[in-house]
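A.B. asks: How does the following fold in three dimensions:
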Amino acid sequence: MAENYNTDFMEEEAPETQSEKDLVAFVVDHCDRWRDWRDTNYETKWDEYERIYYGVWSAEDRTRDSERSKIISPATRQAVDNRVAETMEGFAGSGKLFEISDDGLDQDSTDVEIMQALLLEDTHNNAYINNVSSIVKLAEIYGTGVGEVLVKTELERVPTTQEMPEQGMAEVGVTEREKVSVKIKPINPRNLLIDPNADSVDDSMGIGVEEYISYHQILRGIASGVYKNVDIDTQYDNDDLESSELESTTYQDDKVKIIRYYGLVPRELLEGSGEVEQRAEELFPDDEEKSSLADMVEAIVVIANDGQLLKAERSPYMMEDRPIIIYRPEVRPGRFYGVGTVEKGYNMQKAIDAQLRSHMDSLALTTAPMMGIDATRPPRGMKFEIRPGKNILTNGNPAEILQPFKFGSTDASNYDTAKGFEAMLLQATGTLDSSELVKSAAGGGQNNGMGMSLAMSAIVKKNRVAMASFQDDFIIPMVKKVAYRYMQFDPERYPMKDFKFTTMSSIGAIAREHEQQQLIGLLQTLGPSSPIVPVILKSIVSTSGLLNREQLVAQLDQMSQPNPQAQEMQMQAQQAQMQYLAAQTAELQARAQESMADAQEAQANAQKIMIEASLMEDKVKTDMIRNLSANIKDEDTEEFTKRAKIADLLIKEKDIESKERIVDKQMQEKRMTQ
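C.D. replies: Numbers count the residues shown, from 1 in each chain. Model prediction:
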């Protein structure tokens, strides 16, 4: 209890002002109303969702009054676990949680690489993967997962060795140093309070986290100056704020109820000045409450036991962002709380449980032996029971006194019906039953491969959509907030620059295996000499879960790089081939030129023959005229006429012969040119 702790180190308690009292009343009043709205709408549902996931039976979950069996099917738990595993495989399966990109105008990428390496180191050291996995599981059960970004200054102890030159020895010891640590704390939705009018953290008036914490943490915060020095005692009202409703008893000692409020508060209550900006007074001159709400600032308020102010300050974060991150597997438009896997499969889970319990109740009536007994004829004081080898005494014929009977028979179709409901549950939740997948793959059939391919493609598409939502709603905001906290509170290690954050999340294990099978099938259709084979091999190895994945990728990169000697020999072969082709081209060109010269010579000869033939014709005509006029007397006209006719016939004959020679020459020239 509180009196067991030594509080002598604490200074005199600080008096509480009226502004602080009003601030506490303002925050507590809003939180009480938000809590009432949340509990009215969600508390009963969340209790049942939790019992379904953990397999805890309650009388409230009976599907009929005569139900005796308490069995709960693990179908919903399997669906939730599959969803969580797929999401975390896509988030952390590659080992690289996120990637930082620099401004396109910045040519030096060294600062980005250093920043990314430091963030990856700190996220792995602070158990981010385990905490994010818890947040995702809460989201799948309750519909909303919540994470709180906490900044702490921790004392780190590092083993060191210090040289001692004067003694020629080395001293081994431990060095203590302060280190800024930014962690992600999973918050159960039962511990979250938010303005019901908002559908996101940034749009709400404020958001609060209420929980019980250990009393010594409060005292340590007061001693370090983080909290205000107040007289605080332990207090435990009820178990509504506990992370689970399944425990029969709850430890109640040394606990203090805390409300951490992140949001808007009236400026006058936070600063305690009692003054409101002039603009607000002008807008609402007759309404002090409206004028106060019109002038609000972002603040952090910590209240203990619903009445004691431990801390109140304006938001110390440089971006003035709220350190709350949420993840909803499916968003309800206009509502803050989302839909998880348990809610999606709720109806089918109830149907499966009802069918299985009916089957179990039927077995209880048909398998346990029951006897009808004449109550007047067994021996007096006999305790009747049935077991192998037992002798039963009767006063008369046992066949008349004892009669076994049973109520009907157990219907074997009950179990098959439950399996059908389970398949519907998997459809409703968008998950995959691994056992059914193996059966389908081994079942054979002509269209089995096509059906499996269609089923897997649908799962891959749903997986990609879920991962895209997970990246945008949770991973990127988380990385930004964490990086901004480190930049602000550890500037020596993290430079203050405007980085661009992108996630490395891809797809889950089942979708990745499906894609790898497709790539392997593509490899079988390609030859070993195909240029894209190394690219496909690198893609298969890089998306696998092998421990030496990076070494294999590096080896593939090295194999894809050209060998200098082989490259030089290849260049020499290419040059020799080019020279050979050039020589063949030159030879063909020489032959073409020679053929062209022969054609030109033949054409010149043909023209010469034609000219000679033309001249010959003129000469023949001239000689003919001379011969016609020679040795002819003036009075002998008939002789001249005869010679003229004979000459004309000779001329025609010569003309025909000349034309035949010209035609033959032209035909010969044409054949040469072809």
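A.B. asks: Check which helix or strand the closest residue to residue 71 other than its chain neighbours maps to.
C.D. replies: Nearest non-adjacent residue to residue 71, counting by Cβ to Cβ, 6 or more residues apart in numbering: residue 356, 5.4 Å away. Bear in mind the C-beta positions are built from the backbone N, C-alpha and C, glycine included. Per DSSP states H and E, residue 356 falls inside helix 346-367.
A.B. asks: swap in residue 26?
C.D. replies: Secondary-structure assignment from DSSP H and E places residue 26 in helix 18-38.
A.B. asks: Quick one: residues contacting the residue nearest to residue 71.
C.D. replies: Applying Cβ atoms under 8 Å, 6 or more residues apart in numbering to residue 356 gives the contacts 69, 71, 73, 414-415, 418.
A.B. asks: ok, now with 10 Å
C.D. replies: Listed by Cβ atoms under 10 Å, 6 or more residues apart in numbering, the contact partners of residue 356 are 69, 71-73, 75, 414-415, 417-418, 421-422.
A.B. asks: My understanding was that residue 367 contacts residue 361; is that so?
C.D. replies: No: taking contacts as Cβ atoms under 10 Å, residue 367 lies outside contact range of residue 361: 11.2 Å.
A.B. asks: These two: which is more packed in?
C.D. replies: When residue 367 and residue 361 are compared on other Cβ atoms under 10 Å, the one with more neighbours turns out to be residue 361, at 17 against 9.
A.B. asks: That one against residue 368, yeah?
C.D. replies: No: using Cβ under 10 Å as the test, residue 361 is too far from residue 368 to be in contact (11.5 Å).
A.B. asks: Mind listing the shared neighbours of those two?
C.D. replies: Contact criterion Cβ under 10 Å, 6+ apart; residues shared by residue 361 and residue 368: none found.
A.B. asks: what packs against the helix of greatest length in the chain?
C.D. replies: Among all segments of the chain classified by DSSP state H, the helix with the greatest residue count is helix 564-629. Taking 3 or more Cβ pairs under 10 Å, 6 or more residues apart in numbering; DSSP states H and E as contact, the helices and strands that helix 564-629 lies on are helix 637-673.
A.B. asks: same question for the helix it packs on, mean pLDDT?
C.D. replies: Along helix 637-673, the predicted confidence averages to a pLDDT of 69.
A.B. asks: Can you give me the neighbour number for residue 307?
C.D. replies: Considering only other Cβ under 10 Å, residue 307 is surrounded by 15 other residues.
A.B. asks: need the contact list for it.
C.D. replies: For residue 307, the contact set (Cβ under 10 Å, 6+ apart) comprises 16, 21, 24-25, 28, 230, 232, 235, 257.
A.B. asks: which of these has the weakest pLDDT?
C.D. replies: Scanning the contacts of residue 307 for pLDDT, the smallest score is found at residue 16, 74.
A.B. asks: shouldn't that one be in contact with residue 303?
C.D. replies: No: in this structure, residue 16 sits apart from residue 303 without contact. The criterion is Cβ under 10 Å, and the distance is 11.8 Å.
A.B. asks: Mind listing the shared neighbours of these two?
C.D. replies: With contacts taken as Cβ under 10 Å, 6+ apart, residue 16 and residue 303 have 24, 309 as neighbours in common.
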